[in-house]
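[1] 3D model of this:
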Amino acid sequence: MFRRNYLLNLCGVILVAISFGVLLSSDEANAQNAIATLANGNYQLCSQPKPSDWRNGAGVCFNFTKTGDRVDGYYGYPHSDDFICVRGLTNGSLITGEALAISWGGRQWISIPKTEFKWDEEGHLSLKDGKVIRTAMDRGGRTEWILFSHAKLNTDGFYQYPQPFMTSPSQLCDWQ
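    Numbers count the residues shown, from 1 in each chain. Next comes the predicted model:
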């Protein structure tokens with residue numbers, strides 16, 4: 001009887017280990033998804049797997065709409081006001097196009113670099129040739145929209161979430 005229980009427990013442990021391996025393989029597969037191969041639709045890719053708690057993203061994320069080989073969305077850190085709008089063409093996991101930043105009292109751009117620089121700590125987004133395209137004044141002070149005519153976002157190794165959990169790009173990115 002003892003030996004039979006031992007064998008059943010051992011089989012249970014093996015099944016759990018196999019199941020866990022399949023889940024890990026699934027996450028690894030998600031990390032290899034190229035934007036260019038995705039169907040038209042709304043997506044969220046993040047540098048870390050989907051958290052199992054209340055957060056709607058982990059690491060740095062790209063929330064976007066894909067139509068053909070074009071994407072339109074924003075890239076940034078969930079649960080912060082640290083984001084930048086990005087739109088352009090896809091080639092594998094690379095997006096090349098332009099970016100739009102908003103400079104306001106709570107997140108002021110002191111100087112706008114003309115040379116290429118990395119926007120994020122992880123180094124996935126490169127920007128170049130920024131200039132102010134619009135300015136508005138309100139009670140909060142001056143707000144400026146800064147267009148970077150050269151943007152490159154590399155999402156290689158990002159995880160595709162089952163659906164977008166972050167705010168829709170159309171609510172945050174005003175390209176006009």
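
[2] and Ser103, how far is that from Leu153?
    From Ser103 across to Leu153, the span is 20 Å (Cβ to Cβ, to the nearest Å). Using the backbone N, CA and C atoms, a C-beta is placed for each residue, glycine as well.

[3] So for those two, which sits in the more crowded spot?
    Taking neighbours as other Cβ atoms under 10 Å, Ser103 and Leu153 compare with Leu153 leading, 28 against 17.

[4] what bridges to that one?
    Ile95, Leu125 (DSSP bridges).

[5] Spit out the contact partners of it.
    By Cβ atoms under 8 Å, 6 or more residues apart in numbering, the contact list for Leu153 reads 62, 75, 86, 88, 94-95, 124-126.

[6] please redo it, this time with the cut-off set to 6 Å
    Going by Cβ atoms under 6 Å, 6 or more residues apart in numbering, Leu153 touches 75, 86, 95, 125.

[7] hmm, who's touching stretch 116-130?
    For stretch 116-130, using Cβ under 6 Å, 6+ apart, the contacting residues are 60, 75, 99, 112, 146, 148-154.

[8] tell me how far the ends of it are from each other?
    End-to-end distance for stretch 116-130, by Cα to Cα, to the nearest Å: 10 Å.

[9] After the one helix or strand in the chain whose mean pLDDT sits lowest, which helix or strand is next?
    The weakest-scoring helix or strand in the chain, judged by mean pLDDT, DSSP states H and E, is helix 2-31 (a mean of 41). Using DSSP states H and E, the next helix or strand after helix 2-31 towards the C-terminus is strand 41-46.
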